[in-house]
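K.L.:
Next comes the sequence, and after it the predicted model I'd like to discuss.
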Amino acid sequence: MDTMTLWGVSPWGFAALAVAALLVGFSKTAVSGANTVSLAIFAAVLPARASTGILLPLLIVGDVLAVLTYRRHAHWPTLWRLFPAVAAGVVFGTIFLFWADDGIVRTSIGAILLLMAGVTLWRRRSGAQDDDPDAVTSRAGRIKARSYGVLGGFTTMVANAGGPVMSMYLLSAGFRKLGFLGTSAFFFLIVNVSKVPFSAGLGLIDGRSLLLDAALALFVVPGAFLGKWAVNRINQQLFERLVIAATILGAVQLLVR
């Protein structure tokens, strides 16, 4: 049985999913956070709950391509600082999925993303100094890493929407473009792979979802190459503005849908 018939997806619906898969690749190698648009498209075309399980393997494909592209620019002290809190957030998100309906999930995540985007914009307007990525021992740095880590783990588990959360953290930590992309590439590859058993246990990944993923993964690859081409043509200021804009757009989509 072909993939579209299996899921009852129209040709136009499949075209929308293909565009969303292209955006997944682009977001992984250019503008992190843009895949919140993909999240909204998947949830509109497919059943909302099932869409998160279908999107996850596509995100992992994009993560692998991003790691291959930016692996030399990762900042591992930041990653080690984040992982324990993220693990707690993933567990909390898994528990949350057992009882929360789609409306509660969307509203919660949308509100969190808007709050963090607002804080980031306020910091820039007020002239607040960004942190040093190497300052891993300060009390304020540890508290911020734990807060963002828990929120990132929670949002990535319940809706694959952890990208904007971590984007706001990495921007606030003063990462430049390539360090930002290299660190986020490894972060999301490790986190998304760790989510697979949880998603499978919740019935969000199965043979049908993987069949659709196999068809859509073909569109992630050109998106990643497009992002690699584009990122070299985007200056740091524009890069940061695009990341924040993608975060706000994703948050609004979650709130109004």
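P.N.:
Noted; the coordinates are in hand.
K.L.:
Quick check: residue 79 touching residue 184?
P.N.:
No. Applying C-beta atoms under 8 Å, one finds residue 79 not in contact with residue 184, separated by 9.6 Å. For the C-beta atoms, the positions are set from N, CA and C on the backbone; glycine is no exception.
K.L.:
Looking at those two, which is more packed in?
P.N.:
Neighbour comparison, residue 79 and residue 184: the larger count goes to residue 184, with 27 against 16 (by other C-beta atoms under 10 Å).
K.L.:
Not counting residues beside it along the chain, what's closest to the more buried one?
P.N.:
In this structure, residue 184 finds its nearest non-sequential neighbour in residue 32, 5.2 Å apart by C-beta to C-beta, 6 or more residues apart in numbering.
K.L.:
OK, contacts around that neighbour?
P.N.:
163, 166, 167, 170, 180, 181, 184, 243, 246 (C-beta atoms under 8 Å, 6 or more residues apart in numbering).
K.L.:
Please give the element, helix or strand, for the first one.
P.N.:
Read it as residue 163. Residue 163 belongs to helix 162-172 when assigned by DSSP states H and E.
K.L.:
ditto for the last one
P.N.:
Residue 246 belongs to helix 236-256 when assigned by DSSP H and E.
K.L.:
Ok, the fifth one next?
P.N.:
Element membership of residue 180, judged by DSSP H and E, is helix 177-201.
K.L.:
So for that helix, mean pLDDT?
P.N.:
Helix 177-201 comes out with an average pLDDT of 89.
K.L.:
Go through that helix and flag the buried ones.
P.N.:
In terms of neighbour count (16 or more other C-beta atoms under 10 Å), helix 177-201 has its buried residues at 177, 179-189, 191-192, 194-195, 198-199.
K.L.:
for stretch 213-220, same thing?
P.N.:
By neighbour count on 16+ other C-beta under 10 Å, the buried set for stretch 213-220 is 213, 216, 217, 219, 220.
K.L.:
With stretch 65-73 instead?
P.N.:
Neighbour-count burial for stretch 65-73, counted by 16+ other C-beta under 10 Å, picks out 65, 66, 67, 69, 70, 73.
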